[in-house]
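Peer 1: Need the 3D shape of this:
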Amino acid sequence: MKSIKTIITALGIGVAFLSAYCATAQNVTTYQAYVSNSQTIWQRVIDQSTESSYERALAQYGFLNSTLSEMDDEAFHRYYDETIDLLDELIDSETKIAECKALKSSIYGFELAYNSYKGMFLGPKSSSLISDAYGMDGDNPLVVKLYATSKLYTPEMFGGDPELAVTEFERSVKLFENKSDTTHNWLYLDALAHLGLACQKVGDHNKALTVFKKALQSEPDFGWVKYGLAPSSEKALAAK
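Peer 2: Numbers count the residues shown, from 1 in each chain. Reported below is the predicted structural model:
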């Protein structure tokens, strides 16, 4: 009997180890997809995730985000409706409601980048969703990051506030760090990049460069920061 219990315990430990290994491997792949801005790798993450899961919704969100650099309309709308529907399903089933509302708000923002004429319809929806999410879980690093993103990209006449965006991105970064949730975490890296962007928008290029250096210390191959964002602040400071 003792040997059977030992075997069962060993099997349980093995299953737990395998599950943790698979989760870590997927996190690494997701991180690579973001750093390289590769739709191909994002597609791999989507294919490896469980259908109708929050992980699938987050992977599809990452894919949608990756289309913005090249404004790939066809790729974006390949998953747009499907992701909105999945987030609605998750909200209805009370799965990570705040995170799902925040993601849905952000995806509406993506859609406005492709079709600005929908602003009168989607703008208020996006604003309402992110306000709800922030009110529900204002200490969730993802929710705070997406709230800050909304404040950064929304025109000031419609509630945008770059100064507040800086404050909230800083808080998101600290929330990730306080949870020790920074290793191979693309959302943390994205929070750093957008904190630097927000600093640029308010004209604080010295602070922006400090943030960008921190991002590159975390990920030296982060091309968006290394070849785009950091040089733009260096150029702005050199022109003074």
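Peer 1: contact partners of stretch 163-182?
Peer 2: Under the criterion C-beta atoms under 8 Å, 6 or more residues apart in numbering, residues 139-142, 144-145, 147-149, 151-152, 185, 187-188, 191-192, 194-195, 198-199, 201-202, 204, 218 lie in contact with stretch 163-182. Placement of C-beta: from N, CA and C, glycine included.
Peer 1: Return a ChimeraX selection command for the buried portion of those.
Peer 2: Burial among the contacts of stretch 163-182 is assessed by 16 or more other C-beta atoms under 10 Å; the matching ChimeraX selection reads:
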select :140,141,142,144,145,147,148,149,151,152,185,187,188,191,192,194,195,198,199,201,204
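Peer 1: residues of the helix or strand harbouring Asp47 that come out buried?
Peer 2: Asp47 belongs to helix 39-48 when elements are defined using DSSP states H and E. Buried residues in helix 39-48, counted by 16+ other C-beta under 10 Å: Gln39, Ile41, Trp42, Gln43, Arg44, Val45, Ile46.
Peer 1: got a list of contacts for that helix?
Peer 2: Outside helix 39-48, the residues that touch it by C-beta under 8 Å, 6+ apart are 26, 29-30, 32-33, 56, 59-60, 62-63, 66-67, 72, 75, 79.
Peer 1: Quick check: the residue nearest in space to the middle of the chain vs Arg78, distance?
Peer 2: Closest to where the C-alpha atoms of the chain average out (C-alpha atoms, centre = their mean) is Leu187, at 4.3 Å. Leu187 sits 22 Å away from Arg78, going by C-beta to C-beta, to the nearest Å.
Peer 1: what does Ser105 give?
Peer 2: As defined by C-beta to C-beta, Ser105 lies at a distance of 21 Å from Arg78.
Peer 1: how about the helix or strand hosting Ser105 as PDB, C-alpha atoms only?
Peer 2: Assigned by DSSP H and E, Ser105 belongs to helix 97-114. The C-alpha coordinates for helix 97-114 follow below in PDB (Å, rounded to 0.1, in the frame of the first residue of the first chain):
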ATOM      1  CA  ILE A  97     -14.300  40.000 -16.000                       C
ATOM      2  CA  ALA A  98     -12.200  43.100 -15.400                       C
ATOM      3  CA  GLU A  99      -9.400  41.900 -17.600                       C
ATOM      4  CA  CYS A 100     -11.800  40.900 -20.400                       C
ATOM      5  CA  LYS A 101     -13.600  44.200 -20.300                       C
ATOM      6  CA  ALA A 102     -10.200  46.000 -20.500                       C
ATOM      7  CA  LEU A 103      -9.100  43.900 -23.400                       C
ATOM      8  CA  LYS A 104     -12.400  44.500 -25.300                       C
ATOM      9  CA  SER A 105     -12.000  48.200 -24.700                       C
ATOM     10  CA  SER A 106      -8.500  48.100 -26.100                       C
ATOM     11  CA  ILE A 107      -9.600  46.100 -29.200                       C
ATOM     12  CA  TYR A 108     -12.300  48.700 -30.000                       C
ATOM     13  CA  GLY A 109      -9.400  51.200 -29.900                       C
ATOM     14  CA  PHE A 110      -7.500  49.100 -32.400                       C
ATOM     15  CA  GLU A 111     -10.600  49.000 -34.600                       C
ATOM     16  CA  LEU A 112     -10.700  52.800 -34.500                       C
ATOM     17  CA  ALA A 113      -7.100  52.900 -35.800                       C
ATOM     18  CA  TYR A 114      -8.400  51.100 -38.900                       C
END
